[in-house]
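# With the sequence up front, the predicted model follows.
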Amino acid sequence: MTEASRDVSGMIELVAGEQRAVVLPKLGAALGRWQFRGKDVFLPVANPALVAQRGEAVAAYPLVPYSNRIAQGRFAFEGREYRLAPNMAGDSSAIHGNGWEREWTVTHRTDRDVVLVLEHVPQADDPQWPFAYRAELSYGLRPDGLEVRLVVENRDAGRQPVGLGFHPFLAAKGAATLAFEAQDVWLTTPDALPSRRVPCEGEWAFGRPVDVHARAIDNCFSGFGGRAVLANRETGLSVEVEADRLFGHVVVFTAPDSPFVAVEPVTNMTDAINHPEIADRGLHVLEPEAQVGGSMRFRVEKVDG
């Protein structure tokens, strides 16, 4: 361990040139901050509704072993009914898996890289997730940005449904635009569950840069092209999100007064486990000892102010 990768109260600092990132192993392996030239690329955000984060501000966190909501925390798999405990205040669904709720173990670290592991071994009728799994998450600062890799292995005796993703808060205060390609968008019910899929046309077309503060968005897009670009004139930074093909969906969250936009590459649609009728729902059913995983890259560069 070198001075550049200090560990202060469980926090790990990564430094590479003009970049700095803080990793929080004890807080769901979240990123506490990622900055370029002293400016936030990922914005630390505190969400009191996410009780397991204990009111701490985090800039990004892993989604494992599923992304977004499971309706009412209920699902059936291979003939058995399961019930998960709600884990977001005011929401009756289970959300974002349980990786963000747990402490992770650091297995490798350098000035610019850290690898963290979570071993989930459920107890009887576990209210978080009923299957055993091992997740490995790596963060690495690169010359042009940040690389994130997430792999999940089924450690259970039988098959297991798995989804995964990553939830960054991209700094977007002031004038900012977002562009990405996707085939369809899921319109939602009042409790943020998918109701109807429509083509990405008209107000749902993001092929060209769109003002991220024009309206509120909290939707999952399918047929994600694997690339998104956020340009922020206030910070003078542009962030390109590039995800492996495994991440065939992207969740976008923003609002007119929001200082950030969440652009979440994920494998599965919201509530995928309860929609077996949808062929491209993105859920992976792993045999014992099988793995699924992929990488995403966040490239940052200066733009004209």
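All right, it came through fine. Numbers count the residues shown, from 1 in each chain.
# Got the phi and psi for residue 273?
Note on residue 273: its backbone torsions stand at phi -60, psi -20 [degrees, to the nearest 10].
# Repeat that for residue 92.
Torsion angles, degrees, to the nearest 10, at residue 92: phi -80, psi -10.
# I'd guessed it sits against residue 191; true?
Yes. Residue 92 is in contact with residue 191 according to CB atoms under 8 Å; the separation is 7.2 Å. (Glycine included, C-beta is placed from N, CA and C.)
# residue contacts, residue 62?
Residues near residue 62 by CB atoms under 8 Å, 6 or more residues apart in numbering: 28, 29, 30, 99, 100, 135, 137, 150, 164, 165, 166, 167.
# ok, now residue 99?
By CB under 8 Å, 6+ apart, the contact set of residue 99 is 28, 29, 61, 62, 63, 64, 65, 118, 120, 135, 137.
# what would those residues look like in CSV with secondary structure and pLDDT?
Output for these, formatted as CSV (DSSP: H, G, I helix; E, B strand; the rest coil; pLDDT from 0 to 100):
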residue, secondary structure, pLDDT
28, coil, 97
29, coil, 98
61, strand, 98
62, strand, 98
63, strand, 98
64, strand, 98
65, coil, 98
118, strand, 98
120, strand, 97
135, strand, 98
137, strand, 98
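# Restricted to buried residues, select those residues in ChimeraX.
In ChimeraX, a selection of the buried entries from those looks like this (16 or more other CB atoms under 10 Å):
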select :28,29,61,62,63,64,65,118,120,135,137
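# Looking at the contacts of residue 99, which is nearest residue 260?
residue 61 (13.5 Å; CB to CB).
# Settle this for me: that closest one is touching residue 25, isn't it.
No. Using CB under 8 Å, residue 61 and residue 25 do not qualify as a contacting pair, with a distance of 11.7 Å.
# which one of the contacts of residue 99 is nearest residue 283?
residue 65 (10.4 Å).
# any idea how far that closest one is from residue 196?
Residue 65 is 27 Å from residue 196, where distance means CB to CB, to the nearest Å.
# so where's the chain shaky on pLDDT?
1-9, 304-305 (pLDDT under 70).
# give the contact list for residue 246.
Contacts of residue 246 (CB under 8 Å, 6+ apart): 267, 292, 293, 294.
# Which strand or helix spans the third one?
Going back to what we said before, that points to residue 293. strand 291-302 (DSSP states H and E).
# which parts of that strand are buried?
So, applying 16+ other CB under 10 Å, buried residues of strand 291-302: 292, 293, 294, 295, 296, 297, 298, 299, 300.
# how about CSV for those, with distance to residue 204 added?
Below are the buried residues of strand 291-302 laid out as CSV (distance: CB to CB, whole Å):
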residue, distance to residue 204
292, 29
293, 30
294, 25
295, 27
296, 23
297, 26
298, 24
299, 25
300, 27
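# So which of those is the closest to residue 20?
The closest of these, once distances to residue 20 are taken by CB to CB, is residue 300, at 12.2 Å.
# how near is the closest one to residue 29?
Taking CB to CB as the measure, residue 300 falls 21 Å from residue 29.
# same deal with residue 197?
Taking CB to CB, one finds residue 197 at 32 Å from residue 29.
# Please apply the same query to residue 39.
Residue 39 sits 24 Å away from residue 29, going by CB to CB.
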